[in-house]
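**Student:** What shape does this take:
(one chain, ligands or ions: 1)
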Amino acid sequence: MITVENLSKRYGSHTAVNDVSFTVEPGSVTGFLGPNGAGKSTTLRMLTGLTPPTSGTATIAGRRYAELPNPGRVVGVMLDAAAQHPGRTGRETLLLNSGLLGVPAKRADEMLEAVGLTAAAKKRVGQYSLGMRQRLGIAAALLGDPAILILDEPANGMDPEGIRWMRGLLQDFASRGGTVVLSSHLLGEVQATVDRLVVIGGGRIVANGSLGELLAGQGTLVRGLDPVALRAALVAAGYAVEPVADGGLRVEATAEEVGRAAYAAGQILIELRDSDGAGLEDLFFQLTGPADQLAA
Ligand SMILES: Nc1ncnc2c1ncn2[C@@H]1O[C@H](COP(=O)(O)OP(=O)(O)OP(=O)(O)O)[C@@H](O)[C@H]1O
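**Tutor:** Numbers count the residues shown, from 1 in each chain. The predicted structure is shown next:
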């Protein structure tokens, strides 16, 4: 279990992370989502003891990272896959880490196998693609057989096959009771992998819940032959209406309510369905606006 309570980080007059609180439960994969500069890395660095918080606390399995006796056996961390030494081979990298963690050397080969790097084990990391380095970083995180994984942008540089592979690995890890938090700046990249989302924008948490909760309650998506008249009819019927891409409307109402209001106004519909996260995507795009708008 990961617990973050009222965590803040200021750099001079700039607040990178602003009173952030959330928990990550065992048996789940939680996506920590936000646009570039939102404060994801800073939060994860505070969580893993690399950056001291200005205020607030972050604990892993009930203790601050610095208080964990052998942290790598409790939590596997990958914050920057590009930071691995380019002159060492993948196998040497993992053997070195095995020694530091006090796990048997054969664990290095097992993890290379688990992440699909056996054939590249004797290549220097400098020759690895970013996707291969991400795999090696995940292998290093798994080395100590931890129950918790913290991965910063692990899908970065991975091809679709790699992302699918990682999805299977993380979901399997969580299904065995593991706790996973992975950050991303792309909703589409993690939507199929995570079962919970913590969304950060401008240093603040702007949404937090299960994927189902966040995708539900997003209303109905409707398109009509005459979008202007349809919108007027729905507003007249008392529903909140928001335009989305391609002339569609997102309505805070059920599909039946929207259908009835359109029928009563004689409007022809060409599409009517649950908005299926369209609202979440809109929220996410809004986050790419200037941070001071979000802080307001
Ligand atoms: N060491 C630092 N000194 C000053 N400002 C910093 C420092 N580290 C981060 N920041 C600032 O804090 C804010 C949050 O940065 P952070 O790296 O946490 O964002 P992020 O969500 O991880 O973004 P990205 O996806 O680009 O990595 C940014 O405005 C960044 O410029």
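
**Student:** Helices along this protein, start to end?
**Tutor:** 40-47, 71-74, 90-101, 106-114, 130-142, 160-175, 187-190, 211-215, 227-236, 255-264, 278-286, 291-295 (DSSP state H).

**Student:** okay, those helices in a markdown table with mean neighbour count next?
**Tutor:** Heads up, the C-betas are built off the backbone N, CA and C, glycines and all. As requested, those are exported to a markdown table (neighbours: other CB atoms under 10 Å):
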| stretch | mean neighbour count |
| --- | --- |
| helix 40-47 | 24 |
| helix 71-74 | 18 |
| helix 90-101 | 19 |
| helix 106-114 | 17 |
| helix 130-142 | 23 |
| helix 160-175 | 16 |
| helix 187-190 | 18 |
| helix 211-215 | 16 |
| helix 227-236 | 17 |
| helix 255-264 | 17 |
| helix 278-286 | 17 |
| helix 291-295 | 14 |
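
**Student:** so which of those helices comes closest to Arg196?
**Tutor:** Among the helices of the chain, helix 211-215 comes nearest to Arg196, with 6.5 Å by CB to CB.

**Student:** Quick one: list the elements packing against that closest one.
**Tutor:** On a contact count with 3 or more CB pairs under 8 Å, 6 or more residues apart in numbering; DSSP states H and E, helix 211-215 meets strand 196-201.

**Student:** The strand it packs on pairs with which strands?
**Tutor:** strand 28-33 (parallel), strand 204-210 (antiparallel) (DSSP bridges).

**Student:** can you tell if the shortest one touches the ligand?
**Tutor:** No - Strand 28-33 is not in contact with the ligand by CB under 6 Å from any ligand atom; minimum separation 8.8 Å.

**Student:** what is the orientation angle of that strand with helix 40-47?
**Tutor:** Put simply, strand 28-33 runs at 130 degrees to helix 40-47, going by axes from the mean of the first three to the mean of the last three CA atoms, to 10 degrees.

**Student:** Point to the residue nearest the middle of the protein.
**Tutor:** Gly31 (2.5 Å; CA atoms, centre = their mean).

**Student:** Quickly note the distance from it to the ligand.
**Tutor:** Here the criterion is CB to the nearest ligand atom, to the nearest Å. By it, Gly31 lies 13 Å from the ligand.

**Student:** And for Leu149?
**Tutor:** Counting by CB to the nearest ligand atom, the gap from Leu149 to the ligand is 17 Å.

**Student:** From Ala232, how far off is that residue?
**Tutor:** According to CB to CB, to the nearest Å, Leu149 stands 51 Å off from Ala232.

**Student:** would you turn the strands paired with strand 196-201 into TSV with mean pLDDT?
**Tutor:** Compiled in TSV, the strands paired with strand 196-201 are given as follows (pLDDT from 0 to 100):
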stretch	mean pLDDT
strand 28-33	95
strand 204-210	90
